[in-house]
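Asker: quick one, structure for this:
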Amino acid sequence: MHHKIEVENLEFTYPDGRKALHGVTLIVQPGEKVALVGPNGAGKSTLLLHLNGILRGQGTIRVAHLELAEANLGKIRAAVGLVFQNPDDQLFSPTVFDDVAFGPLHMGLPEATVRARVQSALTAVGMQEYRDRISHHLSIGEKKRIAIATVLSMEPEILVLDEPTAGLDPRARRTLINLLRQLDMTMLVSTHDMRMVAELFERTVIMEDGRIVASGATATLLADPVLLERHGLEMF
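Answerer: Numbering: from 1, shown residues only. Reported below is the predicted structural model:
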């Protein structure tokens, strides 16, 4: 079952008065994989953090048919798997198994179900051999894959990733791209990795200064050097 993301006229100002989002409207269709690109400070991370209620601005957000509101927060956080840019923000348990089991245990699932979910999430990211390892001893590429597994074990309907390939060596990056290609779910991914965008995402959304400045077929946008240059994006 695929679900969509609907953001309508979203405004957000940080406590220090800096306005980060200016009326952002975005729809990601069920099953669609969309890249979110733009210079640093464009508002990409701020937008992603709204999708499961970590930040709360003004405007309307509907995720998996649920309006983002206090009453729906638990359901929305189960539906939207958000993977932060830095995996150390996501991994805090003694072992890989404990990290990946944390979400399902929190949902009150029986132990046998939790074990099955951990096994299947680790298998999905090619890390089943790592279940008893200590998370903070892993490489950044391994940590990124474990961070994705911690979200997959919740069986979300939507995957939201912030800079998934940042800091990865070429082999780890390739593994991650292959993993994202295989996952059959609605996906919104913020990235500076334009090669990955070209390879993986049918649609690209460009943000700058807290606004969406372009949205369309990836092939069309990436074939427009003037547009890319205007928004500080380098092709390859």
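Asker: check which residues of the least confident helix or strand in the chain by mean pLDDT are buried.
Answerer: Of all helical and strand segments in the chain, the minimum by mean pLDDT, DSSP states H and E falls on helix 73-79, at a mean of 87. Neighbour counts over helix 73-79 (16 or more other C-beta atoms under 10 Å) mark 76, 77, 78, 79 as buried. Quick note: C-beta positions are derived from backbone N, CA and C, even for glycine.
Asker: show me what contacts the third one?
Answerer: Listed by C-beta atoms under 8 Å, 6 or more residues apart in numbering, the contact set of residue 78 reads 107, 154, 156.
Asker: what sits against the last one?
Answerer: Spelled out, that is residue 156. Here residue 156 is in contact with 78, 79, 80, 81, 185 (criterion: C-beta under 8 Å, 6+ apart).
Asker: residue 64: which of those is nearest?
Answerer: residue 79 (4.1 Å; C-beta to C-beta).
Asker: distance of residue 127 from residue 203?
Answerer: The spacing between residue 127 and residue 203, counted by C-beta to C-beta, to the nearest Å, is 29 Å.
Asker: quick one: stretch 90-101 to chain centroid distance?
Answerer: Its chain's C-alpha centre and that of stretch 90-101 lie 19 Å apart, by C-alpha atoms, centre = their mean, to the nearest Å.
Asker: wait, a strand at residue 147?
Answerer: No: counting by DSSP: H, G, I helix; E, B strand; the rest coil, residue 147 is not part of a strand but helix.
Asker: that one and residue 83 touch, don't they?
Answerer: Yes: in this structure residue 147 lies within contact range of residue 83 using C-beta atoms under 8 Å: 5.3 Å.
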